[in-house]
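Undergrad: just to be clear, the model below is a prediction. Sequence and coordinates:
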Amino acid sequence: MPDLEPDTVSALEAPEFAPAQFVRWFRDVAPYVHAFRGKTFVVAFGGELVQAGALNALVQDLSLLSSLGIRLVLVHGSRPQVNEQLRLKGFTQQFDRGLAPTDAAALECAKEAAGEIRLDIEAAFSQGLPNTPMSHAHIRVISGNFVTARPTGVLEGVDYKHTGQVRKIDVDALKFAIEKGSSVVLLSPLGFSPTGDAFNLAMEDLATSVAVALRAEKLIFLSSGQGVLNEDGTVDTELARVDADGLLAAGSLDEETGAYLQYASLAVKRGVARAHLVPFALDGSVLLEIFTHDGVGTMVVEDTLDDLRPATIDDVGAILSLIEPLEADGTLVPRPRSVVERDVENFTVLEHDAVIYGCAALHTFADEQMAEMACLIVHPEWQGSGEGEILLRHMESRARATGAKRLFVLTTRTSHWFMKRGFVQGGITDLPREKQNHYNRSRNSLVFIKKL
């Protein structure tokens, strides 16, 4: 192996390289990799992304997704490019968001713009640049007449001419391309009727129709905006569809966000698992949205994904992975796998996007009308957003349902957290008799009790 140049250092020698951080990150994303392998994502972006020079970075990230076994359908728009073609040819018509007529001249401009962008995308996927995600990628890009369109026709006296809408998606051909052919499918915002006529389609409508037809796991819109913002200016990272519809009805969103959110809501309503609005200006935004807990954009789901549910035997491994670090530092008493398996029905897990990141157990003592909450844990990466409160409220509700009048915990390190939430310190004699008999005096755990 040749020596390194004098002014060159390897990645491992770079001061910013942190091996432990890298290993931790790699382990954290592994559940997402497992969950999404073999799933179909529809990724849609307007011509604004290409105009902003963000295409190459996006293609490199998409090639990484493809290498992880995610099946990709890309849908591109071309509105600014069509407008530029019209301007260069001396036409006054310009397309904005929303429905507009497409005459013969505008249709030719749409064809030219779509062709240019399609070639740019194919060229970007053909790169084999070393030291990038494209190295050794060899990704095939397939385009074709997968979309049958129909004319919009005459609406309220306006003839929309060559503006069309999606009539049918050739689902079998698309599935063959992305599943059997292991290729990325690229769709331009054009469709063809059975008579051979071409129609100008809205990228958002096309992407949504494809995602619904394929029952895609995700529909991802790349936007020049940040997504839906809260009142304090932060991104609302997760919206139930009913809440998204409420925002649309209020009419307070900017035009681009509102348009994407409308189609995201429609996609979820029609069966797409999740729809996302992701900022393309942020480098790696697609990867951050997919492989981090909160993401960087806005995700629309039928119901919120944070899900409290009873644990099953299949969750034992995830529960143990949450418990073990706290056993190691003495926060929790060690529990062998056999005990967790035996008591798994007492556990509730907190799950997000198929990843379990919190748990708690409830043990009841009917004679004394008391219940014990144990193993209240939230993964360190996901603490700070009220997940512990969610688990606590749920366990209190469960305890009340059993007839318990008081809820108690044993703790050695988190007494202040419980005190702030209404627990009062008690003694060993306040515990149920069975618990007193099994109290581990060597740990000297503090007793905290809350009236329900």
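TA: Thanks, I have the structure now. In this text the structure is predicted, and so the values were computed from the model without any measurement. Numbers count the residues shown, from 1 in each chain.
Undergrad: any figure for the gap between the closest residue to residue 344 other than its chain neighbours and residue 43?
TA: Once flanking residues are discounted, residue 344 sits nearest to residue 311: 5.2 Å by CB to CB, 6 or more residues apart in numbering. For glycine as for every other residue, the C-beta is placed from the backbone atoms N, C-alpha and C. Between residue 311 and residue 43 the computed distance is 34 Å (CB to CB, to the nearest Å).
Undergrad: got the domain boundaries for this protein?
TA: The chain is divided into the following domains under automatic domain parsing: 32-301, 307-451.
Undergrad: could you pull out the strands in the stretch 51-200 of the chain for me?
TA: Secondary structure of the stretch 51-200 of the chain (DSSP state E, counting those that start in this stretch): strands at 71-76, 141-142, 147-151, 154-155, 158-159, 164-169, 184-187, 190-192, 198-200.
Undergrad: packing partners of the third one?
TA: The one in question is strand 147-151. Applying 3 or more CB pairs under 8 Å, 6 or more residues apart in numbering; DSSP states H and E, we find strand 147-151 packed against strand 164-169, strand 190-192, strand 198-200, helix 203-214.
Undergrad: now it and helix 203-214, what's the angle there?
TA: 130 degrees (axes from the mean of the first three to the mean of the last three CA atoms, to 10 degrees).
Undergrad: how far away from the center of its chain is strand 147-151?
TA: 31 Å (CA atoms, centre = their mean, to the nearest Å).
Undergrad: list the buried residues of stretch 363-381.
TA: By 16 or more other CB atoms under 10 Å, the buried positions in stretch 363-381 come out as 363-365, 368, 370-379.
Undergrad: next up, the contacts around the residue nearest to residue 344.
TA: 319, 344-345, 347-349, 359 (CB atoms under 8 Å, 6 or more residues apart in numbering).
Undergrad: buried members of those into ChimeraX, please.
TA: Those of the contacts of residue 311 that count as buried under 16+ other CB under 10 Å are selected in ChimeraX with:
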select :319,344,347,348,349,359
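Undergrad: show me the shaky parts of the stretch 201-350 of the chain.
TA: Under the criterion pLDDT under 70, the flagged ranges of the stretch 201-350 of the chain are 303-306.
Undergrad: what about the strands in it?
TA: 218-223, 238-240, 274-279, 298-301, 307-310, 347-352.
Undergrad: and the ones you listed, which is most packed in?
TA: Greatest average neighbour count among the strands of the stretch 201-350 of the chain goes to strand 218-223 (a mean of 27), per mean count of other CB atoms under 10 Å.
Undergrad: and that strand, what does it pack onto?
TA: Partner elements for strand 218-223 (3+ CB pairs under 8 Å, 6+ apart): strand 40-45, helix 203-214, helix 255-269, strand 274-279, helix 285-291.
Undergrad: let's see 7 Å
TA: strand 40-45, helix 203-214, helix 255-269, strand 274-279 (3 or more CB pairs under 7 Å, 6 or more residues apart in numbering; DSSP states H and E).
Undergrad: and the angle from that strand to strand 40-45?
TA: Using the same axes, to 10 degrees: strand 218-223 against strand 40-45 is 10 degrees.
Undergrad: would you give the sheet partners of strand 218-223, along with the direction of each?
TA: strand 40-45 (parallel), strand 274-279 (parallel) (DSSP bridges).
Undergrad: picking up where we left off before, dump the buried residues of stretch 363-381 to TSV, plus distance to residue 198, secondary structure and pLDDT.
TA: Below are those laid out as TSV (distance: CB to CB, whole Å; DSSP: H, G, I helix; E, B strand; the rest coil; pLDDT from 0 to 100):
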residue	distance to residue 198	secondary structure	pLDDT
363	68	strand	96
364	68	strand	96
365	73	strand	97
368	77	helix	95
370	73	strand	97
371	67	strand	97
372	69	strand	97
373	64	strand	97
374	65	strand	96
375	62	strand	95
376	60	strand	95
377	58	strand	95
378	54	strand	93
379	52	coil	91
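Undergrad: closest to residue 326 out of those residues?
TA: Closest to residue 326 out of these is residue 377 (6.5 Å), distances taken as CB to CB.
Undergrad: ok, that closest one to residue 352 distance?
TA: Counting by CB to CB - residue 377 and residue 352 are separated by 15 Å.
Undergrad: re earlier: for the helices and strands packed on strand 147-151, give me JSON lines that also has distance to residue 426 and mean neighbour count.
TA: Putting these into JSON lines (distance: least, CB to CB, whole Å; neighbours: other CB atoms under 10 Å) gives the following:
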{"stretch": "strand 164-169", "distance to residue 426": "64", "mean neighbour count": "20"}
{"stretch": "strand 190-192", "distance to residue 426": "70", "mean neighbour count": "22"}
{"stretch": "strand 198-200", "distance to residue 426": "72", "mean neighbour count": "24"}
{"stretch": "helix 203-214", "distance to residue 426": "55", "mean neighbour count": "25"}
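Undergrad: which one of the strands paired with strand 218-223 lies nearest to residue 432?
TA: Nearest to residue 432, of the strands paired with strand 218-223 and by CB to CB, is strand 274-279 at 44.2 Å.
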